[in-house]
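J.: Make a model of this:
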Amino acid sequence: MPLLDPQQAAARTWFEALRDRICAAFEAIERAAGSDAAFEYIAWDRADPSGEPGGGGVRGVMKGRVFEKVGVNVSTVGGTLEGEFGRTIHGAGEDPRFFATGISLVAHMANPHVPAVHMNCRFLRTTKQWFGGGADLNPPLPVEADTADFHARLRAACDAHDPAYYPRFRAWADEYFYIPHRQVHRGVGGIFFDHLESGFEADFAFVRDVGEAFLDIYPAIVRRRMAAPFTPADLAAQRRWRGRYAEFNLVYDRGTLFGLKTGGNIDAILMSLPPVAEWD
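T.: Numbers count the residues shown, from 1 in each chain. Take a look at the predicted model:
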């Protein structure tokens, strides 16, 4: 992959810094619970189908007392998009070359009263360039106050840039994080956006605020719920819900497909799957 230009480098640097801050916040929660769990980091390289170096990333995973399994990945890759799949990517129909950098996070929690969560932010360039991402809360046992606080914090981040963003991106999340064969939503929603092309500086500022909003609200919700007592029935409900989460990520999630089709790290792509799940 060629040397990054200033925009590509700025995006990658910020995603890596956000990863470090999120991991530190999650490790601090483990310390508060009396656990010494910490993230293990594994670097990986990607070979492009063209034979040229394709970049790579770092996969961070922690398994602890509060976070049963959490993965935080940052990848920066480039090369060519192959075949029919490449033609489905925004702006890649005329030229198969691409660049992508981003952060992706999924946390599955030990206590069923603590919501699982997904967050990602990314910058892509083909013949066009854009930001995408979002965050959504996935509680096995929803609590109205947690849902309201999560949405309120995301709304504040959106409203600072465009009052139309939150209603638009919340509706987009509701549409995207839906399991058609179950006819249910994966969780209680959040925001989802893609193909933001208003200009690098404005869109990058918005994406940074989304990342800050996530770092502000999600650890607070975890600390609020992580000591709540739970029953075997609660645990069984969590594991059944995780089965539906796995179904969505394997059947419908576009990020999973993009990673597999572009030669990404398999363990990093599938870190979103829960450690234990059940199906009736």
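
J.: ranges for the strands of this structure?
T.: 40-47, 53-62, 67-80, 97-109, 116-125, 129-138, 178-179, 184-185, 189-196 (DSSP state E).

J.: Residue 270 is nearest to which of those?
T.: Among these, the nearest to residue 270 by Cβ to Cβ is strand 67-80 (9.2 Å). Yep, even glycine has a C-beta here, placed from its N, CA and C like the rest.

J.: pLDDT below threshold where in the stretch 151-280 of the chain?
T.: Within the stretch 151-280 of the chain, the segments meeting pLDDT under 70 span 262-264.

J.: for it, what spans make up the helices?
T.: Using DSSP state H, counting those that start in this stretch, the helices of the stretch 151-280 of the chain run over 165-176, 200-225, 232-251, 254-261, 266-269.

J.: Output those helices as JSON lines; include the columns distance to residue 27.
T.: Conversion of these to JSON lines gives the following (distance: least, Cβ to Cβ, whole Å):
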{"stretch": "helix 165-176", "distance to residue 27": "28"}
{"stretch": "helix 200-225", "distance to residue 27": "11"}
{"stretch": "helix 232-251", "distance to residue 27": "23"}
{"stretch": "helix 254-261", "distance to residue 27": "25"}
{"stretch": "helix 266-269", "distance to residue 27": "19"}
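
J.: do you know how far residue 17 is from residue 273?
T.: Distance from residue 17 to residue 273, counting by Cβ to Cβ, to the nearest Å: 27 Å.

J.: got it, and residue 119?
T.: Distance, residue 119 to residue 273, by Cβ to Cβ: 16 Å.

J.: before we move on, the earlier item: quick one: closest of the helices of the stretch 151-280 of the chain to residue 5.
T.: helix 200-225 (10.6 Å).

J.: Burial check on the nearest residue to residue 70 once chain neighbours are set aside, number of neighbours?
T.: Sequence neighbours aside, residue 107 is the residue nearest to residue 70 in space, at 4.1 Å (criterion: Cβ to Cβ, 6 or more residues apart in numbering). Residue 107 has 24 neighbours, counted by other Cβ atoms under 10 Å.

J.: any chance of the strands of the chain in a markdown table, plus distance to residue 246?
T.: Output for the strands of the chain, formatted as a markdown table (distance: least, Cβ to Cβ, whole Å):
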| stretch | distance to residue 246 |
| --- | --- |
| strand 40-47 | 22 |
| strand 53-62 | 17 |
| strand 67-80 | 12 |
| strand 97-109 | 10 |
| strand 116-125 | 11 |
| strand 129-138 | 12 |
| strand 178-179 | 11 |
| strand 184-185 | 14 |
| strand 189-196 | 19 |
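
J.: quick revisit: who has more neighbours, residue 119 and residue 273?
T.: residue 119 (24 against 17).

J.: isn't that one right next to residue 102, touching?
T.: No - at 10.6 Å, residue 119 does not count as touching residue 102 under the criterion of Cβ atoms under 8 Å.

J.: Next one, pLDDT for residue 52 please.
T.: You'll see residue 52 listed with a pLDDT of 55.

J.: Compute the number of surrounding residues for the closest residue to residue 266 other than its chain neighbours.
T.: Nearest residue to residue 266, sequence neighbours excluded (Cβ to Cβ, 6+ apart): residue 260, at 7.8 Å. Applying other Cβ under 10 Å, we find 13 residues neighbouring residue 260.

J.: Touching, residue 19 and residue 103? I think so.
T.: Yes - contact criterion Cβ under 8 Å: residue 19 and residue 103 qualify, at 5.6 Å.

J.: Looking at those two, which one has more neighbours?
T.: For the pair residue 19 and residue 103, the greater number of neighbours falls to residue 103 (26 against 21), based on other Cβ under 10 Å.

J.: And the more buried one, how far from residue 172?
T.: Here residue 103 is placed at a distance of 19 Å from residue 172 (Cβ to Cβ).
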